[in-house]
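Asks: what would the 3D arrangement of this be:
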Amino acid sequence: MITIAIAEDHQALIDGIELLYRYDNRISIVGMANDGKALLDIVRQKLPNVVIMDIRMPIMNGIEATRLIAKEFPSIKVIAFSMFDQDQAINEMREAGASGYVLKNSSLSILDSAIKAVVDGDLYFDPSLNMEDSNPAFAKAKKNNSPLSKSEQAILKLIAQNKTSSEIAALRFTAVSTVEKHRKNMMRKLGLKGKGELLKYAVEKKYDF
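Replies: Below you'll find the model as predicted:
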């Protein structure tokens, strides 16, 4: 089971997260605090796997609290939970030791994905953020956030190189029908309508993994 502590000065958001996991046997919320200092007391007592951390809080802000957690408990993962989408705030939390960054106006399913990712040892950034040019680690994490399977990502890389389904099938030692099936699945997952859109997506997203 994944244990979580929440630091958030808006009680309504805490209540929403608590409700999301109330009947989830994968995740247990072991503590909730409205300021950074109170959160540190919970972390030291409960040793959660993950901390969901607001940035702007009274008494001690989230950046300082994250820095102290990273120093005292390097195995505990911190996910920033903030309204700020500026590069500076994201970079400050990363430098302090956060493994993820989620915007408060995103759906709670994004937060759930972030929790799973950081527990698995990955970085996770909210899909609505855009920092690829200024932060290579962010660009890598965004690719890890992809809804596509590894096979689909590999095929998308070849699509970005303007390979046909026949050429992709030959390179991957598989049937053309299998490649076509992957194309359809990718378009469904990404909300695209045609092969041209899939090529455009692959090129624009710089699928060079």
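
Asks: residue closest to the middle of the protein?
Replies: Centrality entry for the chain: nearest residue to the mean C-alpha point is Tyr124, 2.7 Å, by Cα atoms, centre = their mean.

Asks: wait, that one sits on Val78?
Replies: No - contact status for Tyr124 versus Val78: not in contact, 11.3 Å apart, counting by Cβ atoms under 8 Å. Bear in mind the C-beta positions are built from the backbone N, C-alpha and C, glycine included.

Asks: before we move on, the earlier item: show me what the residue nearest to the centre of the chain is bridged to.
Replies: Legend: beta-bridge partners of Tyr124 under DSSP bridges are Gly100.

Asks: per-domain residue ranges of this protein.
Replies: Annotated domains of the chain cover 2-144, 150-204 [automatic domain parsing].

Asks: could those go into a markdown table alongside mean pLDDT?
Replies: Below are those laid out as a markdown table (pLDDT from 0 to 100):
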| stretch | mean pLDDT |
| --- | --- |
| domain 2-144 | 85 |
| domain 150-204 | 85 |
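
Asks: just name the most buried of the ones you listed.
Replies: Most buried of these, by mean neighbour count (mean count of other Cβ atoms under 10 Å): domain 2-144, with a mean of 18.

Asks: mind listing the shared neighbours of Tyr124 and Val78?
Replies: Common contacts of Tyr124 and Val78 (Cβ atoms under 8 Å, 6 or more residues apart in numbering): 99-100.

Asks: now do the helices in the protein.
Replies: Counting by DSSP state H, the chain has helices at residues 11-20, 36-46, 62-72, 87-96, 108-119, 136-144, 150-160, 165-172, 176-190, 195-204.

Asks: in TSV, list the ones you listed along with distance to Val102.
Replies: As requested, the helices of the chain are exported to TSV (distance: least, Cβ to Cβ, whole Å):
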stretch	distance to Val102
helix 11-20	11
helix 36-46	17
helix 62-72	12
helix 87-96	11
helix 108-119	5
helix 136-144	12
helix 150-160	23
helix 165-172	35
helix 176-190	21
helix 195-204	24
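
Asks: which one of the ones you listed lies nearest to Asp54?
Replies: Closest to Asp54 of the helices of the chain is helix 62-72 (Cβ to Cβ; 5.3 Å).

Asks: go ahead and name everything in contact with the closest one.
Replies: When contacts are defined by Cβ under 8 Å, 6+ apart, helix 62-72 is touched by residues 7, 36-37, 39-40, 43-44, 51, 53-57, 76, 78, 80, 82, 92-93, 96-98.

Asks: the same query, at a cut-off of 6 Å, please.
Replies: 36, 39, 43, 53-55, 76, 78, 92, 96-98 (Cβ atoms under 6 Å, 6 or more residues apart in numbering).

Asks: just grab the bridge partners of the residue nearest to Gln45 when sequence neighbours are not counted for me.
Replies: Of all residues not flanking Gln45 in the chain, Gly31 sits nearest, at 7.6 Å (Cβ to Cβ, 6 or more residues apart in numbering). Beta-bridge partners for Gly31, by DSSP bridges, are Ala5.
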